[in-house]
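*Asks:* Dropping a prediction and its sequence here:
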Amino acid sequence: QVQLEESGGGWVQPGGSLRLSCVASGSIFSIVAMAWYRQAPGMERELVASINSGHAINYADSVKGRFTISRTRPENAVHLQMNSLKPEDTAVYYCNVRAYSTHLQWGDYWGQGTQVTVSS
C-alpha cells in the first residue's frame, strides 16, 4: 500500500505565496507520475500541475507562470510552489501519485487534501 502525506496549506492574502509538499511512502516500486489537483466548493476536481518520470511537466492554463511543480526523488516527494496567488486559487488541493507497488500492482493514490485560502 502507498500512503501520501501532504503539508503546507493555509491562508494567504492575494499576491502571496504558499508551498505545498507531498511525500509518498510505503510499498513503492516505481512512481510513474505525481500531480496536484484542486477542488473548489461546487466545482469539479481539476488538474493543477503534473510531473512524470520523464520529467515532463504540465500546468493548467490558469496557473501557468505562477505555480511551479517539482519532485525530489530520494524522498518520493512532490512540491507545488504557488506565487502571485489569487482568490480564485482557493480550493482543497490534493496530491495524486500513480505508481507500481512492490507487488507490481498499478495504483492511483490520493492524499487527504489540504485547504488553501486566498483572501484579504
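*Replies:* It's in. Everything quoted here is computed from the prediction, not taken from an experiment.
*Asks:* most remote residue from this protein's center?
*Replies:* Farthest-out residue of the chain from its mean C-alpha position, per CA atoms, centre = their mean: residue 103, at 25.0 Å.
*Asks:* for that residue, helix, strand, or coil?
*Replies:* Put simply, residue 103 is coil when judged by DSSP: H, G, I helix; E, B strand; the rest coil.
*Asks:* give me the beta-bridge partners of the most centrally placed residue in the chain?
*Replies:* Here the mean C-alpha position of the chain is nearest to the C-alpha of residue 36 (CA atoms, centre = their mean), at a distance of 2.5 Å. Judged by DSSP bridges, the bridge partners of residue 36 are residue 49, residue 95.
*Asks:* which residues of the chain fall in strands?
*Replies:* For the chain, strands defined by DSSP state E occupy the ranges 2-7, 10-12, 18-26, 28-39, 46-52, 57-59, 67-72, 77-82, 91-101, 106-110, 114-118.
*Asks:* got those as CSV, with mean pLDDT columns?
*Replies:* As requested, these are arranged in CSV below (pLDDT from 0 to 100):
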stretch, mean pLDDT
strand 2-7, 94
strand 10-12, 98
strand 18-26, 96
strand 28-39, 95
strand 46-52, 97
strand 57-59, 98
strand 67-72, 96
strand 77-82, 97
strand 91-101, 96
strand 106-110, 94
strand 114-118, 98
